[in-house]
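Student: quick one: sequence plus predicted model below, questions after.
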Amino acid sequence: MARGQPHRWDDGTFKAKDKQKVKAGRKGGKATGERKARTGATNARFDPTAERRPCCGVKMGRAHKKTCPNHRHFKLNALRDLRTESIVVKEYDDADFHATAGVQMFVRGCSAVCVCCKKAGDAPSFPKVHKEDLSLATMRAVCADCN
């Protein structure tokens, strides 16, 4: 797509050519206040008769504001949290786990996650750790509640 010549000021710097701003009366500069504000009826896209969402005040048919609790971001996070909470493994093979007291030097300074309830914490605070994870920074373990 071919472009026209760039608009420049007298000193050689580029001018912004934004048709919406030109049409709305905003032509740059440092002025602020009433004449620069594009809120309410002074905004060309404002429609006082448009139906608005009661939660965040956005026009119907548009997405919710990102700060609104009905925005899809909040709903996706809620679904993700629900999904991780619903996946609970209650059984584990006792032969795959060592008592933490016997491998205290290996688990010091490491973190662990319970395989049953997904509770996280320091590895020495868990009674059992998985024997294949002794060289990892985060290891599978069984907490005192699930033991």
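Tutor: Perfect, thanks for sending it. Every value quoted in this text rests on a predicted model; they were computed, and no experiment measured them.
Student: give me the domain ranges for the protein.
Tutor: Here the domain assignment for the chain is 18-49, 52-87, 94-142, based on automatic domain parsing.
Student: so of those domains, which one's packed in deepest?
Tutor: Highest mean neighbour count among the domains of the chain (mean count of other C-beta atoms under 10 Å): domain 94-142, with a mean of 16. For glycine as for every other residue, the C-beta is placed from the backbone atoms N, C-alpha and C.
Student: dump the residue contacts of the closest residue to residue 110 other than its chain neighbours.
Tutor: Leaving aside its chain neighbours, residue 110 sits nearest to residue 123 (4.2 Å; criterion: C-beta to C-beta, 6 or more residues apart in numbering). Residues near residue 123 by C-beta atoms under 8 Å, 6 or more residues apart in numbering: 100, 107-108, 110-112, 129, 139, 141.
Student: tell me which of these fall in helices.
Tutor: Counting by DSSP state H, the contacts of residue 123 place residue 107 in helices.
Student: out of the contacts of residue 123, which are inside strands?
Tutor: Those of these mapping onto strands are 111-112, 129, 139, 141, per DSSP state E.
Student: which of the residues you listed sit farthest apart?
Tutor: Farthest pair in those (C-beta to C-beta) is 111 and 129. Separation: 10.9 Å.
Student: what touches both of those two?
Tutor: Common contacts of residue 111 and residue 129 (C-beta under 8 Å, 6+ apart): 123, 139.
Student: if we can go back for a sec, which one of the ones in strands among the contacts of residue 123 is nearest residue 66?
Tutor: Nearest to residue 66 among the ones in strands among the contacts of residue 123, with distances taken as C-beta to C-beta, is residue 111, at 32.2 Å.
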